[in-house]
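Engineer: need a structure here:
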Amino acid sequence: MIVDDHAVVAAGVRTWCAAADPPIELIEAGPDLAAVWTGPGAQAAVVILDLHLNAGHAEFGALRRLVDVGRRVVVYTQAADPETATHCVDLGALAYVTKREGGAHLVAAIQHAADGRPYTPPWLGGALAADTDLGRPKLTPMEVATLRAWFASSSKRLAAAMLRISPKTIETYLDRVRTKYANVGRQAPTKSALVARALEDGWITLDELDG
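Structural biologist: Modelled structure (predicted):
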């Protein structure tokens, strides 16, 4: 689903999606953010979000709410400043594509997001490279707590019980952590790889793991 207040943009994206291999079915919501929560929008595999709807403030809150419930979001925007881009990635966007980058990168971002994988188009790569904190992703307190609970447990179900959340929510937080590591070029696809990253970045100590 695309949420964008410019009909001509949505029409262009529809054309690119139709020509993709395989074709991508696109639902247009106009500027109506509520459409992503009801009807066909609630089932959309990927949400393409214009960050500044109706020339208003940045929709960081909407992005956070979508990511928090496990939705896969591609930010598609005119805004081309590194601070905004890195903030969206930190919030959990799987890609940040500027409208100057063309259809090939947006389609690739959608395809990657549908599989739960991040995508880094050229402009975002430059923005992330300019981030002085690039090597260590910015994890939220809940993401860190999820890592610690999972490392201390034999299963995600037990980790969920420790934090009093659902196993599905544990999965969501772990996916977000993996995405953040992937976006800084430090892949962590397995539990052992995440343990290594957490040790490297100080999220947990060897003594805590031994305990």
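Engineer: does the spatially most central residue of the chain count as helix, strand or coil?
Structural biologist: Most central in the chain under Cα atoms, centre = their mean is Ala93, positioned 2.6 Å from the mean C-alpha point. When classified by DSSP: H, G, I helix; E, B strand; the rest coil, Ala93 comes out as coil.
Engineer: residues near Ala149, how many?
Structural biologist: For Ala149, the count of nearby residues is 19 (other Cβ atoms under 10 Å). Quick note: C-beta positions are derived from backbone N, CA and C, even for glycine.
Engineer: these two touch, right, it and Arg157?
Structural biologist: No. Using Cβ atoms under 8 Å as the test, Ala149 is too far from Arg157 to be in contact (11.1 Å).
Engineer: tell me which stretches of the protein form strands.
Structural biologist: 2-3, 47-49, 73-77, 95-98 (DSSP state E).
Engineer: I'd like those as CSV, with distance to Ala85 and mean pLDDT appended.
Structural biologist: Compiled in CSV, the strands of the chain are given as follows (distance: least, Cβ to Cβ, whole Å; pLDDT from 0 to 100):
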stretch, distance to Ala85, mean pLDDT
strand 2-3, 18, 96
strand 47-49, 13, 97
strand 73-77, 8, 94
strand 95-98, 5, 91
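Engineer: export those strands to JSON lines and tack on mean neighbour count and distance to Gln187?
Structural biologist: Below are the strands of the chain laid out as JSON lines (neighbours: other Cβ atoms under 10 Å; distance: least, Cβ to Cβ, whole Å):
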{"stretch": "strand 2-3", "mean neighbour count": "26", "distance to Gln187": "29"}
{"stretch": "strand 47-49", "mean neighbour count": "26", "distance to Gln187": "24"}
{"stretch": "strand 73-77", "mean neighbour count": "24", "distance to Gln187": "20"}
{"stretch": "strand 95-98", "mean neighbour count": "26", "distance to Gln187": "16"}
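Engineer: fine by me, thanks again.
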